[in-house]
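Student: Sequence first, then the predicted structure:
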Amino acid sequence: MTSSFLPNMYTFLTCTDLMFGGTLEGYDNFLSFKDIRDLLFARESESVIIDCYVNTCLFLPRQENPDIFKTFGYLGAALKSYVQSSKDDKSKFQHFDYSFRRLDRAPTEFDLLFSPMHVGTNHWALLVINIKEKEFHVYDSLRNKDRHDIPQYVEELRIYMKGKHIDSENWSLRYPDPCPQQGSGDDCAIFTCKYMECLARRDTQGFPFSQDDMPTVRAKFALHFIKAYFNAQERSERI
């Protein structure tokens, strides 16, 4: 692909184009062909990649994707950053409220709630609120790093949930094993997506992916996003 061709392909995919489950309506995210190119060439993936992956891969109708079960909810990839940049508790709770209102049912009716976290300065990890087991689980592809902001964020989440009649004060914060680990590249967002996929499919026996699979995973994600975009375009033309 030549560089002169790329500007002509810089077409934006909006969340409206990519929505199936309706849980993120109102987020000002987009997915461009530049983002897809970044996926293929292992550049850093932003929150929009994670959001669009969830929208197009995990919220497909059951008849199109019968392996996906419907007992998980999604709180959005930008939530932690919004909350921890807030100046006061009221602003923090407003961000939590916004995300929890996007769920299509009460939080206690889910088994799992996914909240991808941007931690440190340039890393993604996955926080899972395990409603069924009454625990917080963190899946981190760089477990050797000491991340003080994760337990801090979980404490803020506990306070918010208590105000919504979910008493998580005694819920433990665990880092389950096995948890596939990344190499030295920028694959943390892709690992985060794969953790969610495996948990949604209940395919967690050893987590069947590794760093060696990342080039193929990136290519599959990019192909899926391109298909989703053109399928959305085709639907809009029929309306």
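Tutor: Happy to help now that I have it.
Student: From here on, just use CA atoms for contacts and neighbour counts.
Tutor: Noted.
Student: Alpha carbons of the helix or strand containing K34, as PDB, please.
Tutor: Taking DSSP states H and E as the criterion, K34 maps to helix 33-40. The C-alpha coordinates for helix 33-40 follow below in PDB (Å, rounded to 0.1, in the frame of the first residue of the first chain):
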ATOM      1  CA  PHE A  33      -8.400   3.300   8.600                       C
ATOM      2  CA  LYS A  34      -5.300   4.800  10.200                       C
ATOM      3  CA  ASP A  35      -6.400   3.000  13.400                       C
ATOM      4  CA  ILE A  36      -6.700  -0.200  11.400                       C
ATOM      5  CA  ARG A  37      -3.300   0.300   9.900                       C
ATOM      6  CA  ASP A  38      -1.900   0.800  13.300                       C
ATOM      7  CA  LEU A  39      -3.400  -2.500  14.400                       C
ATOM      8  CA  LEU A  40      -1.600  -4.200  11.500                       C
END
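Student: Who are the packing partners of it?
Tutor: For helix 33-40, the elements it packs on are helix 214-238, judged by 3 or more CA pairs under 8 Å, 6 or more residues apart in numbering; DSSP states H and E.
Student: Let's test this: mean pLDDT of the helix holding K34, rounded?
Tutor: Taken as a whole, helix 33-40 has a mean pLDDT of 70.
Student: so what does the next helix-or-strand element following it touch, helix or strand wise?
Tutor: Using DSSP H and E, the next helix or strand after helix 33-40 towards the C-terminus is helix 47-53. Under the contact criterion of 3+ CA pairs under 8 Å, 6+ apart, helix 47-53 touches strand 30-32, helix 188-201, helix 214-238.
Student: Okay, now the sheet partners of the next helix or strand after helix 47-53, with direction.
Tutor: Using DSSP H and E, the helix or strand that follows helix 47-53 in sequence is strand 72-74. Paired neighbours of strand 72-74 in the sheet (DSSP bridges): strand 112-119 (parallel).
Student: Which strands or helices does the helix or strand just after the strand it pairs with pack on?
Tutor: Using DSSP H and E, the helix or strand that follows strand 112-119 in sequence is strand 123-130. Counting contacts by 3+ CA pairs under 8 Å, 6+ apart, strand 123-130 packs against strand 112-119, strand 135-139, helix 188-201.
Student: pretty sure P178 contacts F209?
Tutor: No. Assessed by CA atoms under 8 Å, P178 is found out of contact with F209, at 11.2 Å.
Student: who's more crowded, these two?
Tutor: F209 (16 against 11; other CA atoms under 10 Å).
Student: wait, doesn't the more buried one sit right on P180?
Tutor: Yes. Using CA under 8 Å, F209 makes contact with P180 at a distance of 7.1 Å.
Student: sec struct for D212, please.
Tutor: Assigned by DSSP: H, G, I helix; E, B strand; the rest coil, the conformation of D212 is helix.
Student: correct me, but S115 touches F72?
Tutor: No. Counting by CA under 8 Å, S115 does not reach F72; the two are 10.9 Å apart.
Student: burial count for Y153?
Tutor: Neighbours of Y153 using other CA under 10 Å come to 17.
Student: who's in contact with it?
Tutor: Taking CA atoms under 8 Å, 6 or more residues apart in numbering, we find Y153 in contact with K80, Q84.
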